[in-house]
Each structure stands twice: as structure tokens, then as C-alpha cells.
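K.L.:
Sharing a sequence plus its predicted fold:
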Amino acid sequence: MSIRRLRSNPKTLGDVNMVTEELKNLYYKRLLPIEKYYSFHHFHSPSYEDADFDNKPMVLVMGQYSTGKTTFIRYLIEQDFPGSRVGPEPTTDCFTALMYGEVEGIIPGNALTVDPKKPFRNLDPFGNAFLNRFQCAQMPNKVLESISIIDTPGILTAAKRKLSRGYDFPAVLRWFAERVDRIILLFDAHKLEFSDELTRAFGALCGYEDKLRVVLNKADRVDSQQLMRVYGALMWSLGKVFRTPEILRVYIGSFWSEPRQMCDHYQLLELEEEDLLADIRNLPRNAAVRKLNDLVKRARLVRAHAHVISYLKQEMPTIFCKESKKHNLIYQLPVIFTKIQQQHRVPAGDFPDCTKMQEKLMGQDFSKFKTLKPSLMASLDKLLTTDIANLVPLLQQQELRKKSLPGVLNGEFLGTFRREHYKRDPFKELPRDDESSEVDLDEWVVEKYKPKYDEIFFNLSPNKGKLSGNKVKEWMMTTLLPNSVLAHIWRLSDVDGDGMLDNEEFALAVHLIEGKLEGHWLPRELPSHLVPPSKRLSAASDED
Ligand SMILES: Nc1ncnc2c1ncn2[C@@H]1O[C@H](COP(=O)(O)OP(=O)(O)OP(=O)(O)O)[C@@H](O)[C@H]1O
Ligand SMILES: [Ca+2]
């Protein structure tokens, strides 16, 4: 009865959360008081809450319209999701957070901001114009057990954007960029555009380059020569936005579960796809490090901010000419930044964007600012020097423990066509299928077509009635379906998990491939009516 439960074990992360708990403590104890004291939240970013520490790793998918964002997400989770539309024109106009939930459904933005279990409570300040364009799609999906994914509206070129969005789009992106574990930035190799809007939106990502992975999508639509040109143009344009474009990793691929077009860099696409999937698969493993990183980054910004605010306070006259002095100080802000850097040895990189800070300062009453409070600053220094350092051994222990796990995301997630995936999970052979009552169990739907499939099977010259994984793989790859899809089909077809296919299993595989090519979604688990008759017996006797 609890066999099925065993299989999905996101709880393997159990003791792992020690580091997270400690980070939470440190935040509330050391950082939050200073943030409040110097109105940090008004200037930079709302306070963190429990859910910001406890949530699953999040992946933000963004890019220009029609680059294939929604399609990419469908491909990752291997299913469609509520409220999603795909098309050549701008289709998505909402931010959609895809999260795990027992029942499928949509939660609107306004409701999300009051749910303490979700990490979206402080999206509130972006206003109703945004909240009406924000939703959470919940569904019982294997991949979403381990990560959450955020689909975003496509960035439009000036010509396409007739109406303004009514909310600060780059600011929203920045809010997410600060909190997610990965930012996937999609470009269309077939139609590379680099508009001003895009550049502005990317500005929101500055400082989070470490989370960024760039994808040059639909790369099978161009030939190698064009691809090289597009790649070069992309790097050049990225170089104008990000200070260190050479550290950005660009993945070339065609991320959807449709057959690819044959091209001379086909092999490259497969390798790149595996790399990107591996990167995403490892997110849960690296989540604690990411949180620690972001907390340090935030603490450094808080320190710089506290110095700036207290400097301004100290410069303000007590009685006369307050307004003109204030304007003068705002004008002088770049110089003030430099002064603080020298006086307090705060690195230049810790400071906020000067222009933005100047804008925010305009509406403030400087005389209400607070002076430097030594006890708070000492507490902050302790956080940055000793507290964080003390966490590192704990983090390392945790890393080691997690490495011994088979893979934090379920083995079957984002499958790659590798040897370890040929081994089937023994628990999977007992699909409790609700539809089975309607389907006549004695009849195997594949039987009808089997003679046709047998012909292929025997042509591939089986050994002792079975085909090896490699032989089947070679044949399957002629369908031009992505490896990850073929791996899924393999997992469904190797019913007895011996790493080989007999004629029935092979027929099943071809049947699934044909279904896929006709545009059907693959089943997540093999429904009982698709289990080959000979395997049904053994499944039943295993159970005894
Ligand atoms: N790898 C791919 N190869 C070829 N075409 C693709 C690929 N991925 C997506 N497409 C096609 O590109 C179009 C845009 O896809 P999709 O709607 O997923 O993009 P999007 O980035 O989500 O767009 P929007 O910003 O408008 O929401 C669709 O017609 C889709 O079928
Ligand atoms: Ca979309």
C-alpha cells in the first residue's frame, strides 16, 4: 500500500533543512532589525519571510515573445498546464508560477499574496495591475515535486507594445531574480532580436548573473553557418548588457518534445540539452548554497545602505534650508558613495544602483533618517564574518549526505538516455489505474499493430529474443525525437527493467513513439491496458 509513497521521496531532504533553519534565524536576528531601522524595504526589496527560505528551488523562464518559453516549460514538466497557450504571436500575458499541488487548479494573484505558505506575500506593493496578471497553476506533477517554475510574459518590441503593462515590469523581474535559483533566458536562433526593451529588462538581472543560463532555442531551424553567426551576435549583444558576458553559459538547443529538424549540429543539440537538464536537475542539491549566497549579497547591500542613509542624516542641517540641502545631497550621491567606500572600506560592488537610489530619495524626508547605530552594525559585521563562516562546515556535511542520494530530483525526472535509466524502478509495475475498469484488460491495444512492429524488431536482429538498449536507442534516434522523450519511452517500455526489450516491449515502444509523433502526450506511468499480456502475469505474481 505504501509502496507508491516510497518512490517519490522529496523528503530525503529532511535533515538537509538545518542550514536553511539557521539562515532563517540569522536573518531574523541580525539582518531584519537593521533593514527595518534604515527603511531598507522601501528602497530595495521587501523583507524575507519563512516561505522565502522554505520554498522549493524556483526557475524563472524569461525572454522575448515567441522564443518558446511556454513550450520549454511544457517540455520540462512533460505536460500541458492550466492557463497556458502557445502560438507564434505574443500569447502569455501573465506571470504564472507552476507549483506542486494535489489537485489541479489556478490560484489568482490576489489570493497568493495572502497565503503564508507561498513565497509571494510581498509582491503586494506592485499593485493590482500586476496582481491581476499573476497566478499560480498547481498540479500533481513529478517535476514540480522538486522545483517550481515561473512562466513570464514575453518581452515585446516597441512596435508590438501598444499598451503599457500598467506595472513596473523590470522591477517585478528583479523581485523574482532575487528569489529564484535559476533564470533561464531564451532567445530564438531563427529570429534573434535585441530591442531596447529587452536591454532594459535585462538591466533588472544585473548582479544575478550567477543564476543566469542563456538558451539559444530553435537552433535546429538554422544551419551551422547561420548558427555561428547568431551565436556571435548574441554574445556581442549580451556583452553590452552584462559586465561579464564571458561567464554566461549559453546552451544551444531546441527545447520541445517534438521531433527536431535534421541539421549538421544535431549531436551538439543533444549534448547541450543533457547539460541544461543536468543543471536544472541539480538545483535542489544546490539550493542551500544559493540561499546562503543571496543572504550574504543582501547583507552587504544592507550594510552599504545603512552607511548611505546615516551619512545623509548626518549632513542634514537641523533648521534652515533643508530642501535645498537635500537636493544637493541627492545630486552629490555618486561622490558620497565613493566617500563611504573609502571611509568604511565598503566594496564598490555592494552599493545599489545610484540612479535608482537618487529617484527613491527624492520623495523622502531626510531628517527622519537614522544615524549610524554601532550595536546594529556590529551585529551585521558578525553575521558577515563569523556566523556565515560557521555555517560552511554544516553546509559541506549536508552536501556530502545529499551526494549519496540517487539524485535529488526523482530518477525519472528530465530523463537522459543513459545506462542508469535503463534500470526500471520495480515499484512502477503496479500502476493503480482508475481507467482500467473501463478498458477490457484482456485486450492489449498494441496487439493489432504488432505484426508491423515485429518486422522492425526482427530486422534489428535480436539476441535470444531480446534487443539491447544500444540497438534500440540507435533505432529510436532515427525518429529525431529528443533524447529526453526517447528516454521516457524507454522507461515505459522496458516493463521488466532488464535493460533489454523483448518483442512485446519493443512493440509497446514503437506504439508510444507513434502516438508521440501524432501529437499525444506520453503517459507518466504505463496504464494497465498497455502492459504487455505476458508481463501482467509476472506483475501479479510479484505482488504475492
Ligand atoms: N524548439 C522549438 N522549435 C520550433 N518551434 C518552436 C520551438 N519551441 C516553440 N516553438 C514555436 O514557437 C512559437 C512560440 O512558442 P511559445 O508560445 O511557447 O513562446 P513564448 O516564448 O511562450 O511566447 P509568448 O512570449 O508569446 O508567451 C509557437 O508557435 C511554438 O510552437
Ligand atoms: Ca508563453
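P.N.:
Received, thanks. Ligands and ions are numbered 1, 2, ... in the order given.
K.L.:
near ligand 2 at all, stretch 204-218?
P.N.:
No. Figure legend: stretch 204-218 not in contact with ligand 2 (CB under 5 Å from the ion); closest approach 12.3 Å. Every C-beta, even on glycine, is put in place using the N, C-alpha and C of the backbone.
K.L.:
quick one: terminal-to-terminal distance for that stretch?
P.N.:
25 Å (CA to CA, to the nearest Å).
K.L.:
Stretch 318-336 now?
P.N.:
End-to-end for stretch 318-336, by CA to CA: 20 Å.
K.L.:
how near is the residue of the chain at minimum distance from ligand 1 to Y449?
P.N.:
At 2.2 Å from ligand 1, G154 is the closest residue in the chain, using CB to the nearest ligand atom. G154 is 41 Å from Y449, where distance means CB to CB, to the nearest Å.
K.L.:
Among these two, which residue is more densely surrounded?
P.N.:
Neighbour count, other CB atoms under 10 Å: between G154 and Y449, G154 has more, with 22 against 13.
K.L.:
check contacts around that one.
P.N.:
G63, Q64, Y65, S66, T67, K69, P90, T91, T92 (CB atoms under 8 Å, 6 or more residues apart in numbering).
K.L.:
Which element, helix or strand, includes the most centrally placed residue in the chain?
P.N.:
Among the residues of the chain, V59 comes closest to the average C-alpha position under CA atoms, centre = their mean, at 1.6 Å. Taking DSSP states H and E as the criterion, the element that holds V59 is strand 58-63.
K.L.:
can you pull the buried residues of that strand?
P.N.:
Across strand 58-63, burial judged by 16 or more other CB atoms under 10 Å covers M58, V59, L60, V61, M62, G63.
K.L.:
Can I get the residues you listed in a markdown table including pLDDT and distance to ligand 2?
P.N.:
A markdown table is the format used below for the buried residues of strand 58-63 (pLDDT from 0 to 100; distance: CB to the ion, whole Å):
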| residue | pLDDT | distance to ligand 2 |
| --- | --- | --- |
| M58 | 95 | 17 |
| V59 | 96 | 15 |
| L60 | 97 | 13 |
| V61 | 96 | 9 |
| M62 | 93 | 10 |
| G63 | 91 | 9 |
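K.L.:
okay if I get these as JSON lines plus distance to ligand 1?
P.N.:
Output for the buried residues of strand 58-63, formatted as JSON lines (distance: CB to the nearest ligand atom, whole Å):
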{"residue": "M58", "distance to ligand 1": "18"}
{"residue": "V59", "distance to ligand 1": "14"}
{"residue": "L60", "distance to ligand 1": "13"}
{"residue": "V61", "distance to ligand 1": "8"}
{"residue": "M62", "distance to ligand 1": "9"}
{"residue": "G63", "distance to ligand 1": "6"}
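K.L.:
OK, contacts around C206?
P.N.:
C206 touches V241, F242, R243, D353, counting by CB under 8 Å, 6+ apart.
K.L.:
For it, which three-state class applies?
P.N.:
Of the three states, C206 takes coil under DSSP: H, G, I helix; E, B strand; the rest coil.
K.L.:
Among the contacts of C206, name the ones in helices.
P.N.:
Among these, DSSP state H puts V241 in helices.
K.L.:
Which of the contacts of C206 scores worst on pLDDT?
P.N.:
The lowest pLDDT within those belongs to R243, with 72.
K.L.:
Spit out the contact partners of it.
P.N.:
C206, E209.
K.L.:
Look up the closest residue to E209, ignoring the ones flanking it.
P.N.:
Distances taken as CB to CB, 6 or more residues apart in numbering put F242 closest to E209, at 5.6 Å, once the chain neighbours are dropped.
K.L.:
Give me the neighbour count for the one you found.
P.N.:
20.
K.L.:
Surely T199 is in contact with L238?
P.N.:
No. Applying CB atoms under 8 Å, one finds T199 not in contact with L238, separated by 10.0 Å.
K.L.:
just to revisit the earlier point, how about the residue nearest to the centre of the chain: what's its closest non-neighbour residue?
P.N.:
Leaving aside its chain neighbours, V59 sits nearest to R182 (4.5 Å; criterion: CB to CB, 6+ apart).
K.L.:
Counting neighbours, what do you get for the one you found?
P.N.:
Residues near R182, counting by other CB under 10 Å: 20.
K.L.:
Quick check: phi and psi at it.
P.N.:
With angles defined as degrees, to the nearest 10, R182 sits at phi -140, psi 140.
K.L.:
Could you say which helix or strand holds the closest residue in space to G105 that isn't next to it in sequence?
P.N.:
Using CB to CB, 6+ apart and skipping the chain neighbours, the partner closest in space to G105 is Q138 (5.5 Å). Element membership for Q138, per DSSP H and E: strand 134-139.
K.L.:
Could you name the helices and strands sitting against that strand?
P.N.:
strand 95-100, strand 105-108, helix 109-112 (3 or more CB pairs under 8 Å, 6 or more residues apart in numbering; DSSP states H and E).
K.L.:
So which of the ones you listed is the most surrounded?
P.N.:
strand 95-100 (a mean of 23; mean count of other CB atoms under 10 Å).
K.L.:
any residues touching it, and which ones?
P.N.:
Here strand 95-100 has contacts from 56, 58, 73, 77, 81, 83-84, 112, 118, 120, 130, 133-141, 144-145, 148-153, 172, 176, using CB under 8 Å, 6+ apart.
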